[in-house]
Structure formats: C-alpha cells, structure tokens
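Trainee: Coordinates for the following, if possible.
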Amino acid sequence: MEHQVRPDGVIVVNDAYNANPDSMRSALETIATMAAARPGRAVAVLGEMLELGDAARTEHEAVGRLAAEAGLTVIAVGDGARGIHDGAVAIRGESDTIRAVEGHDDAIAWLDAHLQPGDLVLVKASRAAGLERVAASLVAPLTSYCMGRRPRPGRRRRDRRAMRGILLAAGFGLLGTLLGTRVAINDPRRQELRPAHP
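Mentor: Sure thing, here's the model as predicted:
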C-alpha cells in the first residue's frame, strides 16, 4: 500500500494495483484500525476483484458487508463492484455513506464534493479496474493552481480546504518558532550566550 498525506490532513492509501478477497479483507481491517485513532471519517473506494469465476458475486458481497460492519463509508466503482454496494446495504441499509457509482469520474466527483480535512481514504481494486486514476486525483489537490490551470468546480472546493490547512499549519509553525525563541532568551542556562553590555 502507498500512503500519502495531503496538506489538508487527508490520508490516501493507494492499493489500486491488486485485489483478491484476502487482500481486500486485510486492507479494510487495516483502514478500520487506522481510522479508530483519527478524528476524520474512513472512506473505502472499492472496485472489482477479477478472476473470481462463479464466486465473484458472493465474494464482492462479503467485502461490502465487512466494510459496512467496520463503519466505513463505501464507494463501489463500476458494474463489477455492484456486489460490494449490495453487501454493504444488506448490513446498514440504503445510506448516503454507501454509494455505487458508474466510473472513475463519478467517484472523483463524489470525493471532491464530500471529503473533509483529516479523512482517511482507501482506494483498492484489481489493476484492470483502473482506480489509480482516482488515487492520483486525490493526492494532487493543488496541482491545478500550481500549473496555472483552471480546476474543476468540485476541485476548487477541495483546493480551498487544502490551502486553509497549509496556512493553519504555517501559522502554528510560526507561533512555535516565536515561543521557542522567547523561552530560549529567558532561559537562565542560555544567558552566557547573550552578549554582555558594557
């Protein structure tokens, strides 16, 4: 898994290159454990697991049930992942936190509109599902501004949240520096480093 932290505190866990029932269960359990120690929500963006044969429907539903039981927000991407959505609904019922979307662009649009600072996002599917596009869109929230391109409306909201996070972090950093300087000046142990006045 690749872990990246955005300026607004969103953690993106990109595991969009391989997926089978065992690795899905392991990833969901890992995300649930990480989320328990964080204030934000945990979002699982899940695509199809390929080469499961006749067990495909059953295995996808089992993944959806596990994600729902773990309290994750579930975004199932593509027709092949419909079973994930249905399995999650079987546990928690129809909900705004359980969504089935048709493709990558729909998933990106939902995330642009709903992610909040501090959220944790898992992106996982078989490589052929192409969910690395979704992960790539998540880990570059400021790229459009830095490159001088006009961002999509949904991305503008996300970029503003990221910029607020950067400014807040910078402010705390400056405050910490000033306080550290004040403490150092007033520390008797540091007096010998100050020049003596004639």
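Trainee: The residue nearest the centre of the chain pairs with what?
Mentor: Closest to where the C-alpha atoms of the chain average out (Cα atoms, centre = their mean) is V121, at 2.6 Å. Taking DSSP bridges as the rule, V121 bridges to V12, V43.
Trainee: who are the neighbours in contact with it?
Mentor: Counting by Cβ atoms under 8 Å, 6 or more residues apart in numbering, V121 touches 10-13, 42-45, 111, 115, 138. For the C-beta atoms, the positions are set from N, CA and C on the backbone; glycine is no exception.
Trainee: Hmm, V77 and H104 touching each other?
Mentor: Yes. Between H104 and V77 there is a contact under Cβ atoms under 8 Å: 6.9 Å.
Trainee: higher neighbour count, the two?
Mentor: V77 (29 against 20; other Cβ atoms under 10 Å).
Trainee: Bridge partners for that one, pull those for me.
Mentor: Beta-bridge pairing of V77 under DSSP bridges involves V101.
Trainee: I figured it was touching D105, is that so?
Mentor: No. In this structure, V77 is not within contact of D105 by Cβ under 8 Å, at 10.1 Å.
Trainee: hmm, back to that, where do the contact lists of H104 and V77 overlap?
Mentor: Applying Cβ under 8 Å, 6+ apart, one finds that H104 and V77 are jointly contacted by 131, 134.
Trainee: quick one, what contacts the closest residue to A70 other than its chain neighbours?
Mentor: Leaving aside its sequence neighbours, A70 sits nearest to A32 (Cβ to Cβ, 6 or more residues apart in numbering; 4.0 Å). The contact partners of A32, by Cβ under 8 Å, 6+ apart, come to 42, 70-72.
Trainee: Helices of this protein, start to end?
Mentor: Using DSSP state H, the helices of the chain run over 21-36, 56-69, 82-92, 104-114, 132-138, 143-146, 153-186.
Trainee: worst average pLDDT in these?
Mentor: Note on these: lowest mean pLDDT is at helix 143-146, with a mean of 40.
Trainee: Next, count neighbours for P39.
Mentor: Here the count is done by other Cβ under 10 Å, and P39 has 10 residues near it.
Trainee: okay, it: pLDDT?
Mentor: Model confidence at P39, given as pLDDT, is 84.
Trainee: For the closest residue to it other than its chain neighbours, the count of nearby residues, please.
Mentor: Leaving aside its sequence neighbours, P39 sits nearest to G118 (Cβ to Cβ, 6+ apart; 5.5 Å). A total of 15 residues lie near G118 under the criterion other Cβ under 10 Å.
Trainee: got the contact list for G118?
Mentor: By Cβ under 8 Å, 6+ apart, the contact list for G118 reads 8-10, 38-40.
Trainee: can you put these in JSON lines and add distance to A19?
Mentor: Shown next, in JSON lines, are the contacts of G118 (distance: Cβ to Cβ, whole Å):
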{"residue": "D8", "distance to A19": "27"}
{"residue": "G9", "distance to A19": "26"}
{"residue": "V10", "distance to A19": "22"}
{"residue": "R38", "distance to A19": "24"}
{"residue": "P39", "distance to A19": "28"}
{"residue": "G40", "distance to A19": "24"}
